[in-house]
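In: Just need the structure, nothing else, for what follows:
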Amino acid sequence: MSEELKENILKHLATVSQTKNRDVARAIGVEKALVDKAIAELAKEDKIEYRSFGGITYIAIKGKSGS
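Out: Numbering: from 1, shown residues only. You can find the predicted model right below:
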């Protein structure tokens, strides 16, 4: 997976408290399938975390407040 893509995802996540994969893909102009793979890698690297609320899964930078 491209380090540049992962960096762009992290930059976008720094601007929001939490978001959905689809919204990240739209914001950075990359196919959702590629974003999904990069996000999975970032989670394995312990840089981001998944948060589930009412059946909806969000992503956020690890340790960043969800408010």
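In: Now the element after the strand or helix carrying residue 39, going C-ward?
Out: Under the criterion of DSSP states H and E, residue 39 resides in helix 32-44. Next in sequence after helix 32-44, counting helices and strands by DSSP H and E, comes strand 48-53.
In: Report all helices and strands that the following helix or strand past that following strand contacts.
Out: Following strand 48-53 in sequence order, the next helix or strand is strand 56-61 (DSSP H and E). If you count contacts as 3 or more Cβ pairs under 8 Å, 6 or more residues apart in numbering; DSSP states H and E, strand 56-61 packs onto helix 3-13, strand 48-53. Where C-beta positions appear, they are placed from N, C-alpha and C, glycine not excepted.
In: which of those sits most buried?
Out: Of all the helices and strands packed on strand 56-61, helix 3-13 has the most neighbours on average by mean count of other Cβ atoms under 10 Å, namely a mean of 16.
In: Centre of the chain to that one, how far?
Out: 8 Å (Cα atoms, centre = their mean, to the nearest Å).
In: Need the contact partners of that helix.
Out: Residues from elsewhere that reach helix 3-13 (Cβ atoms under 8 Å, 6 or more residues apart in numbering): 19, 24, 27-28, 30, 34-35, 38-39, 41-42, 47-48, 59-61, 64.
In: repeat for stretch 20-29
Out: The list of residues contacting stretch 20-29 from outside it, by Cβ under 8 Å, 6+ apart, reads 5, 8-9, 12-13, 19, 31-32, 34-36, 39, 56-59.
In: about what we covered before: give me the buried entries from the contacts of helix 3-13.
Out: 19, 24, 27, 30, 35, 38-39, 41-42, 48, 59-61 (16 or more other Cβ atoms under 10 Å).
In: In JSON lines: those, plus pLDDT.
Out: Output for those, formatted as JSON lines (pLDDT from 0 to 100):
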{"residue": "19", "pLDDT": "97"}
{"residue": "24", "pLDDT": "98"}
{"residue": "27", "pLDDT": "97"}
{"residue": "30", "pLDDT": "97"}
{"residue": "35", "pLDDT": "98"}
{"residue": "38", "pLDDT": "98"}
{"residue": "39", "pLDDT": "97"}
{"residue": "41", "pLDDT": "97"}
{"residue": "42", "pLDDT": "97"}
{"residue": "48", "pLDDT": "97"}
{"residue": "59", "pLDDT": "97"}
{"residue": "60", "pLDDT": "96"}
{"residue": "61", "pLDDT": "96"}
